[in-house]
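Engineer: Okay, sequence plus prediction incoming.
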Amino acid sequence: MPPQSRVIALSSLGAERAIPNYAFIGASKAALEALVRSLSIELAPYEITANTVSAGVVDTDALKHFPNREHLLEEYRERSLASRPLTPEDVANTIYLLCLPEAGMINAHTLFVDAGYSHVG
């Protein structure tokens, strides 16, 4: 039977790459991903999975605080394999997928939802 409970943390590309104006947040996201990997081992006996969703560039209110916001959005448009911007709903849908019983064997993983942005160019 697949695990019944899930721990899902939200991270970002700054966890594994240097992004201007993102040093402290990036470091915290890297720590979060390490914590989730450890939790996956510690929670497995209780049939609880632990995963991270790493979101690409999403134009949210938080992004408005970045002095290089327009550059980040333009870079995403150029390198993304999608024909549209990444939305908060895209990220939420990915989290939903990890909650489905069919995803019960996904554990200790960081799943990127960025339309290929992190792997192109």
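Structural biologist: Thanks, I have it.

Engineer: contacts, neighbours, all on C-alpha from now
Structural biologist: Noted.

Engineer: The residue nearest to residue 14 when sequence neighbours are not counted: what's it in contact with?
Structural biologist: Residue nearest to residue 14 in three dimensions, not counting chain neighbours: residue 26, with 4.3 Å by CA to CA, 6 or more residues apart in numbering. Each residue near residue 26 by CA atoms under 8 Å, 6 or more residues apart in numbering is listed here: 12, 13, 14, 15, 16, 17, 18, 19.

Engineer: in the protein, what spans have low per-residue confidence?
Structural biologist: For the chain, the stretches flagged by pLDDT under 70 are 1-3, 121.

Engineer: Which parts of it are helices?
Structural biologist: Assigned by DSSP state H, the helices in the chain fall at 23-43, 69-79, 88-99.

Engineer: quick one on the thing from earlier: between the contacts of residue 26, which sits nearest residue 106?
Structural biologist: Proximity of these to residue 106 (CA to CA) peaks at residue 12, which lies at 18.9 Å.

Engineer: ok, the nearest residue to residue 90 once chain neighbours are set aside to residue 56 distance?
Structural biologist: Spatial nearest neighbour of residue 90, chain neighbours left out: residue 113 (7.6 Å); criterion: CA to CA, 6+ apart. Distance check for residue 113 against residue 56: by CA to CA, to the nearest Å, it reads 6 Å.

Engineer: same question, residue 108
Structural biologist: In this structure, residue 108 and residue 56 are 19 Å apart, going by CA to CA.

Engineer: Please name the residues that touch the residue lying closest to residue 82 once chain neighbours are set aside.
Structural biologist: Leaving aside its chain neighbours, residue 82 sits nearest to residue 115 (5.6 Å; criterion: CA to CA, 6+ apart). By CA under 8 Å, 6+ apart, the contact list for residue 115 reads 56, 80, 81, 82, 86.

Engineer: Any chance of the residues you listed in JSON lines with distance to residue 74 and neighbour count as columns?
Structural biologist: Shown next, in JSON lines, are those (distance: CA to CA, whole Å; neighbours: other CA atoms under 10 Å):
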{"residue": "56", "distance to residue 74": "13", "neighbour count": "23"}
{"residue": "80", "distance to residue 74": "10", "neighbour count": "22"}
{"residue": "81", "distance to residue 74": "13", "neighbour count": "14"}
{"residue": "82", "distance to residue 74": "13", "neighbour count": "14"}
{"residue": "86", "distance to residue 74": "12", "neighbour count": "21"}
